[in-house]
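**Student:** Just need the structure, nothing else, for what follows:
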Amino acid sequence: VSRETFTMDPLFLLLPAGAFFAGLVDAVVGGGGLIQIPLLFSTFPGAAPATLFGTNKLASVVGTTSAAIRYGRRIQIPWRIAGPAALAAGGGSWLGARAVSLFPPAALRPLILVLLIAVAIYTFLRKDFGISHQRLADPRRELQLALAIGAGLGFYDGFFGPGTGSFLIFLFIRLLQMDFLHASVMAKIVNVSTNLAAIAFFVAHGEIFWQVAGVMALSNLAGSQVGSALALRYGAAFIRKAFLVVVVVLILRFSADTFLA
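**Tutor:** Below you'll find the model as predicted:
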């Protein structure tokens, strides 16, 4: 990517702004890829998808890591389950990326659409969902569930990706009885691991637009600071509302991809 492209292409100039907003949204409830990936594909229509996905992951991991660190300074992180879940997710993400060649990810769209609609309805109807924070009474059961969530959604993130953060938050609340704030922190830690695994895969199997990723990473970092500050200030109720907005946007996107493609 040349310097001339950076200074003359209007879409290229939108990348930092898009990355900032993506970092903000991602720090609260995930879903930053909804903004960055379409923008990258619009800006570089001739680039290989693997190159753009790798560029997106490299830009995102900086903001996600920053948000996780900021949350960790204010929120007590259950590392006994967060660490193993992140490791399982990293392994799952690598396997998922390798499995792309065996099965077309787009075939999952109808199933993911149904799941997202179910998540939105459940969250909307359960007004108390994710408002209070508890822990499971059985530590071994808690660890097993964390490992299963990490491995399963890590594989999904490497294989397909959209909505990973939202699914992580939902399952951490539903199965581990967390509130939205703690679930968002856990999701960030797991996402850092899946992003690093995906970056390792894309670096080994393709090219990354390093200069573009660098510019976007700085903007994503700034956005993540704003997003995590908002989440910490306004708490679980605010994150719940943002979560529903992101899930609805995901539903609209998957509906368009499924029925209008």
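**Student:** going forward, measure contacts and count neighbours with C-alpha atoms only.
**Tutor:** Will do.
**Student:** can you list contacts of stretch 203-223?
**Tutor:** By CA atoms under 8 Å, 6 or more residues apart in numbering, the residues outside stretch 203-223 that reach it are 1, 15-17, 19-25, 27, 50-52, 54-56, 58-64, 66, 202.
**Student:** are any of these buried, and which?
**Tutor:** The neighbour count (16 or more other CA atoms under 10 Å) marks 15-17, 19-25, 27, 50-52, 54-56, 58-64, 66, 202 as buried among the contacts of stretch 203-223.
**Student:** contacting residues for the residue nearest to Y71 when sequence neighbours are not counted?
**Tutor:** In space, and not counting its chain neighbours, Y71 is closest to V185: 6.3 Å by CA to CA, 6 or more residues apart in numbering. Contacts for V185 (CA under 8 Å, 6+ apart) come out as 68, 71-72, 77.
**Student:** Name the residues that touch stretch 18-29?
**Tutor:** Stretch 18-29 has contacts (CA under 8 Å, 6+ apart) with 31-36, 39, 59-60, 63-64, 67, 165-166, 169, 184, 188, 216-217, 219-228, 230-231, 239, 242-243, 246.
**Student:** what ranges of the stretch 151-261 of the chain fall below the confidence cut-off?
**Tutor:** 261 (pLDDT under 70).
**Student:** Quick check: the gap between F53 and V28.
**Tutor:** Distance, F53 to V28, by CA to CA, to the nearest Å: 21 Å.
**Student:** try F159
**Tutor:** Separation of F159 from V28 (CA to CA): 23 Å.
**Student:** Just want to know which of the two has more residues nearby.
**Tutor:** Higher neighbour count among F159 and V28: V28, with 30 against 23, using other CA atoms under 10 Å.
**Student:** What's the first helix or strand after the strand or helix carrying that one?
**Tutor:** Element membership for V28 (DSSP states H and E) is helix 10-29. Using DSSP H and E, the helix or strand that follows helix 10-29 in sequence is helix 33-43.
**Student:** could you show me where the strands are in the stretch 51-200 of the chain, in order?
**Tutor:** Assigned by DSSP state E, counting those that start in this stretch, the strands in the stretch 51-200 of the chain number zero.
**Student:** Next up, the contacts around the spatially most central residue of the chain.
**Tutor:** With distances taken as CA atoms, centre = their mean, the residue of the chain nearest its centroid is G165 (4.0 Å). Each residue near G165 by CA under 8 Å, 6+ apart is listed here: 26, 29-31, 187-188, 191.
**Student:** Repeat the analysis, applying 7 Å as the threshold.
**Tutor:** Applying CA atoms under 7 Å, 6 or more residues apart in numbering to G165 gives the contacts 29-31, 187.
**Student:** One more: L58?
**Tutor:** Neighbours of L58 in contact, by CA under 7 Å, 6+ apart: 199, 213.
**Student:** Tell me how far it lies from T65.
**Tutor:** Distance from L58 to T65, by CA to CA: 11 Å.
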